[in-house]
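Enquirer: Fold the following, please.
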Amino acid sequence: MSRKNVRSSPRRKPGTGKSLSRRFRLVSALAALVLVLIAVFILTRPPLTWYVEEGLESPWRRILNTGSPPRGFKRDVRILKPGETPPRKGQGFIITRKREESGQAVTVYPRLSFDLEYQGAMVLALDPWMVFRNHQYPSLTRDRIVSKVGEGVLLIPGSDPDAVRAWAARLLEQPEGEFPQGPEQWQEAESSLFTSISFPRGSISFNWQDVWQILLGKDISWTYAPLSRVRDLPAYRSNILEATVFPGPGENRFGLQAEILWAIPQGSPGVKPKLKEAAVLWLKSGETQTLIADTLRWLPAAPEGKPFNPAAMSARLAWLTCSYVWEQHGD
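Expert: Sure thing, here's the model as predicted:
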């Protein structure tokens, strides 16, 4: 075979292999840098946190352990002491009974049971105040409250400041859920409560045990109490009780006094939006809110929530149909 018929293989240009090697190293270095930047970004982003009001940390931990919350939150809750707020860059949800410090005696929330949130704060559960009586006896009327005489006994644990304030608020309430905000009227209403209402003698020193002893007896009687107090009673005793709304001054609209548990989103909506959306869906579900209510011994806010006994069923109906809800604040 002639040398002329043999094709010679092309020669590699000088430096070509070194150039490819340098490019490969450069691309690898850039890829590694990108991975490092992504890792730093993920690790330095604030994790989602449950910021829980002091006093609620134990029940909220039980709720998280018993329920099925979305993953992606810190393993433990962050406790917020009175007056404390989450860090400026904190991300997550505030769990609290105090939506804001308004400085007012009463805060009224129109249509809260329909909207289930107020200014971005979600209602998880509530502890409504209801009038309780033996189901065999008649309901309490407004006339019986303002009258000095009449059938049945009005009961109040006078040693409980919350109960005294609750009764005073009902006497000060005006139609459409209007309340005085000045301290003078409230102090006067509380100090004159035991002379303006025909409570039994000695009521000023009654406790809740005294009230239940009379209420569960054979005489017609009524008391104004939070639902959680009834949940503390044995089932065989609480099941004979019926709950009705306090007879207010209005005819077509009625308000419900309650302590409320709120979930308030914290941080930028653009941070971990899918996880936050999953957390909102979990918080709003009837199953979760029933778990929350059973843990706190309250009432679930969701219409799908399950009441635990006949009295709670009546309270649930009052909650779902009330025109407004109001919170009473402390001294």
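
Enquirer: Just the C-alphas of the lengthiest strand in the chain, formatted as PDB.
Expert: Identified as the longest strand of the chain according to DSSP state E is strand 121-134. Extracted in PDB, the C-alpha atoms of strand 121-134 (Å, rounded to 0.1, in the frame of the first residue of the first chain):
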ATOM      1  CA  ALA A 121     -55.600  37.000  63.000                       C
ATOM      2  CA  MET A 122     -57.300  33.600  62.800                       C
ATOM      3  CA  VAL A 123     -59.700  32.300  65.500                       C
ATOM      4  CA  LEU A 124     -58.700  28.800  66.600                       C
ATOM      5  CA  ALA A 125     -60.900  28.300  69.700                       C
ATOM      6  CA  LEU A 126     -63.000  30.200  72.200                       C
ATOM      7  CA  ASP A 127     -64.200  30.000  75.700                       C
ATOM      8  CA  PRO A 128     -67.700  31.500  75.500                       C
ATOM      9  CA  TRP A 129     -69.700  32.700  78.600                       C
ATOM     10  CA  MET A 130     -73.200  31.200  78.700                       C
ATOM     11  CA  VAL A 131     -76.100  31.100  81.100                       C
ATOM     12  CA  PHE A 132     -76.300  27.600  82.500                       C
ATOM     13  CA  ARG A 133     -79.300  25.900  84.200                       C
ATOM     14  CA  ASN A 134     -80.800  22.500  84.700                       C
END
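
Enquirer: Okay, now the sheet partners of that strand, with direction.
Expert: Next to strand 121-134 in the sheet, as set by DSSP bridges, lie strand 117-118 (antiparallel), strand 221-226 (antiparallel), strand 241-244 (antiparallel), strand 255-266 (antiparallel), strand 299-300 (antiparallel).

Enquirer: so of those, which one's packed in deepest?
Expert: For the strands paired with strand 121-134, average neighbour numbers computed from mean count of other Cβ atoms under 10 Å are highest in strand 299-300, which has a mean of 28. All C-beta atoms are positioned from the backbone trio N, CA, C, and that covers glycine.

Enquirer: Which elements pack onto whichever helix or strand comes after that one?
Expert: Going down the chain from strand 299-300, the next helix or strand is helix 310-321, by DSSP states H and E. Using 3 or more Cβ pairs under 8 Å, 6 or more residues apart in numbering; DSSP states H and E, the elements in contact with helix 310-321 are helix 112-115, strand 121-134, helix 227-231, strand 241-244, strand 255-266, strand 299-300.

Enquirer: by how many degrees do helix 310-321 and strand 121-134 diverge?
Expert: Here helix 310-321 runs at an angle of 130 degrees relative to strand 121-134 (axes from the mean of the first three to the mean of the last three Cα atoms, to 10 degrees).

Enquirer: Now tabulate the strands paired with strand 121-134 in CSV and tack on distance to residue 232.
Expert: As requested, these are exported to CSV (distance: least, Cβ to Cβ, whole Å):
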stretch, distance to residue 232
strand 117-118, 29
strand 221-226, 10
strand 241-244, 12
strand 255-266, 15
strand 299-300, 14
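
Enquirer: Lovely, talk soon.
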